[in-house]
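Undergrad: Pasting the sequence and the predicted coordinates here, then a few questions.
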Amino acid sequence: MSLTPLKRVARVSYGLAQPPLQTDGGIPIIRATNIFRGRIVSDGLISASINDLPLDRAPLLSAGEILVVRSGAYTGDSAIITDVWAGSAPGYDLRVTPTRADPRYLAWALLGDHVKQQVDLAKSRAAQPHLNAEELAEVLVYLPEAALQSEVANFLDIETTRIDTLIEKKQEVIELLEGRRVAVTVDAVGNPEWARVKLTLLARLGSGHTPSRERSDWWDNPTIPWVTTADIAQMRGDRLEFIEKSKLSISKLGLANSAAELHPAGTVVLSRTASVGFSAIVARPMATSQDFATWTCGLKLRPRFLLLCLRAMRSELLGRLAMGSTHKTIYMPDIEGIRIPLPLLEEQDRVVREVWVRLRPIDAAITAVERQIDLLREHRQALITAAVTGQLNVSKAAA
């Protein structure tokens, strides 16, 4: 099995320089967001009229072609165009048209670790992760004889489908556990005997801001934790109550020269743009971007109880308050109208204690299943790499 530059076995070209926005047409446009671990996914798929597509520069895709993500966090990820997606339009990404290799084998070869390492080296040379057609054409791939290419492709088609099915079943388990988690929280704060009180009467409402990027001196020596959309990842799943640190920081000078403010420890933050409805409590004084609403609780409201209320209300916040078809936003006038149940402080403390006693085993189970999924994905990747580099005898492995 020899190493061969991709350009010797395939033609590497560009997709659309500027894909059209979604129109009323029926031609699907396969973008980077639709490329995931060797497969095309339909989530977020857009389409365009054939009259809006510059087919002279980027013809429609044929079965057997491979799309490779050209820029962004997932640069180098790729997927083959199956019969289902033939006739779609390429997005901004790179297209690989096999000329002297089994298309299915080549698609798997491009997902191997040896290719990923070469792509990582190429994309690291740009200020932002980016891969051009000339660089991809020079990538070395292992190329066995034609019969073995087909055998490897058949083996990986079967084995990765089996692994993906296991992953899907485990993800269904996680969805069930997360549903149970929500039910526990909603039930705990849903006592109909408690009066519902306007939240702004119980806590000081605030928000945040981003200091001007045009003033570089406002960003020098950033020491103040600054909660932004980059921190929403740690809020997802609701397993974390307190944010101990943020991914980004701002400087004292930037804070002083913007509408941002330093919120005290115990302030509850709620994401109100992009990924809407996620919440947490800051464990120490922190500022936030304008993407968050904040509440600093008064004497009649515990932050941990408020956090449970906001999490129980997420579906209501998304369904009733979030506006916008592409990027949801909860506007401040709507946030000002939020009401929450208000038991006595002793009852709030009891509810919080009992809820977390019930949530912790659920969270432990979710964490365990997530780890199983991670291991399955690691095995899947190792299997692909071993098969396309000749380290695995697929005939024996399939027997």
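TA: On my side now, so go ahead.

Undergrad: Could you grab the helix/strand/coil label for residue 42?
TA: Of the three states, residue 42 takes coil under DSSP: H, G, I helix; E, B strand; the rest coil.

Undergrad: Could you report the pLDDT at the residue lying closest to it once chain neighbours are set aside?
TA: Residue nearest to residue 42 in three dimensions, not counting chain neighbours: residue 34, with 7.0 Å by CB to CB, 6 or more residues apart in numbering. For every residue, glycine as well, the C-beta is placed using N, CA and C. According to the predicted model, the pLDDT of residue 34 comes to 94.

Undergrad: For residue 170, see how far away residue 34 is.
TA: Summarising the geometry, the distance separating residue 34 from residue 170, computed by CB to CB, to the nearest Å, is 23 Å.

Undergrad: which one of the two has more residues nearby?
TA: Taking residue 34 and residue 170 together and counting by other CB atoms under 10 Å, residue 34 has the greater number of neighbours (23 against 15).

Undergrad: What are the buried residues along stretch 10-19?
TA: For stretch 10-19, the neighbour count (16 or more other CB atoms under 10 Å) marks 10, 12-13, 15-16, 19 as buried.

Undergrad: now do stretch 144-160
TA: Buried-residue list, stretch 144-160, by 16+ other CB under 10 Å: 144, 148-149, 151-153, 155-156, 159-160.

Undergrad: returning to that earlier point: looking at the buried residues of stretch 10-19, which is nearest residue 99?
TA: Distance ranking of the buried residues of stretch 10-19 against residue 99, using CB to CB, places residue 10 first at 5.7 Å.

Undergrad: how about the closest one, what does it touch?
TA: Going by CB atoms under 8 Å, 6 or more residues apart in numbering, residue 10 touches 66, 96-101, 106.

Undergrad: could you redo the last one with a cut-off of 6 Å?
TA: The neighbours of residue 10, taking CB atoms under 6 Å, 6 or more residues apart in numbering as the test, are 96-99.

Undergrad: quick one: which helix or strand includes the most centrally placed residue in the chain?
TA: The chain has residue 233 as the residue nearest its centroid, 8.3 Å off, counting by CA atoms, centre = their mean. The secondary structure element spanning residue 233 is helix 232-235 (assigned by DSSP states H and E).

Undergrad: residue ranges with poor pLDDT in the stretch 101-250 of the chain?
TA: Under the criterion of pLDDT under 70, the regions of the stretch 101-250 of the chain flagged as low confidence span 126.

Undergrad: Break down it into its strands, ranges please.
TA: Remark: strands assigned in the stretch 101-250 of the chain by DSSP state E, counting those that start in this stretch are 140-143, 196-198, 203-206, 224-227, 242-243, 248-250.

Undergrad: Give me whichever of those is most buried.
TA: Mean neighbour count (mean count of other CB atoms under 10 Å) peaks for strand 224-227 among the strands of the stretch 101-250 of the chain, with a mean of 24.

Undergrad: what's in contact with that one?
TA: Outside of strand 224-227, the residues within contact range by CB under 6 Å, 6+ apart are 246, 248-250, 255, 269, 286-288.

Undergrad: Give me the sheet partners of that strand and which way each runs.
TA: Strands that pair with strand 224-227, judged by DSSP bridges, come out as strand 248-250 (antiparallel), strand 287-288 (parallel).

Undergrad: quick one on the thing from earlier: let's have the buried residues of stretch 144-160 in TSV, adding distance to residue 329.
TA: Converted to TSV, those look like this (distance: CB to CB, whole Å):
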residue	distance to residue 329
144	53
148	54
149	50
151	52
152	48
153	45
155	48
156	43
159	44
160	39
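
Undergrad: picking that back up, identify each buried residue in the helix holding residue 233, please.
TA: By 16+ other CB under 10 Å, the buried positions in helix 232-235 come out as 232, 234-235.

Undergrad: from the contacts of residue 10, which single one is nearest residue 181?
TA: For the contacts of residue 10, the nearest to residue 181 is residue 96 (42.7 Å; CB to CB).

Undergrad: contacting residues for the closest one?
TA: Shown in contact with residue 96 (CB under 6 Å, 6+ apart): 10, 12, 66.

Undergrad: Okay, and the beta partners of the first one?
TA: Read that as residue 10. Listed by DSSP bridges, the beta-bridge partners for residue 10 are residue 98.

Undergrad: residues in contact with residue 123?
TA: By CB under 6 Å, 6+ apart, the contact set of residue 123 is 75, 129-131.

Undergrad: Now list the buried members of the residues you listed.
TA: When the contacts of residue 123 are checked for burial by 16+ other CB under 10 Å, the buried set is 75, 129, 131.

Undergrad: Please name the residues that touch the first one.
TA: Listed by CB under 6 Å, 6+ apart, the contact partners of residue 75 are 69, 123, 129, 131.

Undergrad: The last one and residue 6, how far apart?
TA: Remark: distance between residue 131 and residue 6 (CB to CB) = 12 Å.

Undergrad: Over to the first one?
TA: Remark: distance between residue 69 and residue 6 (CB to CB) = 15 Å.

Undergrad: And residue 145, by the same measure?
TA: For residue 145 relative to residue 6 (CB to CB), the value is 18 Å.

Undergrad: Same list (the strands paired with strand 224-227) but as CSV, adding distance to residue 210.
TA: Below are those laid out as CSV (distance: least, CB to CB, whole Å):
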stretch, distance to residue 210
strand 248-250, 8
strand 287-288, 10
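
Undergrad: of these, which approaches residue 165 most closely?
TA: Each of these was checked against residue 165 via CB to CB, and the shortest separation belongs to strand 248-250, namely 39.0 Å.

Undergrad: Pull the next helix or strand after that closest one out as PDB, backbone CA atoms only.
TA: The C-terminal neighbour of strand 248-250 among helices and strands, as given by DSSP H and E, is helix 252-256. This file holds the C-alpha atoms of helix 252-256, laid out as PDB (Å, rounded to 0.1, in the frame of the first residue of the first chain):
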ATOM      1  CA  LYS A 252     -10.500  47.400  34.100                       C
ATOM      2  CA  LEU A 253     -10.100  50.200  31.500                       C
ATOM      3  CA  GLY A 254     -12.500  48.500  29.100                       C
ATOM      4  CA  LEU A 255     -15.000  48.000  31.900                       C
ATOM      5  CA  ALA A 256     -14.800  51.600  32.900                       C
END
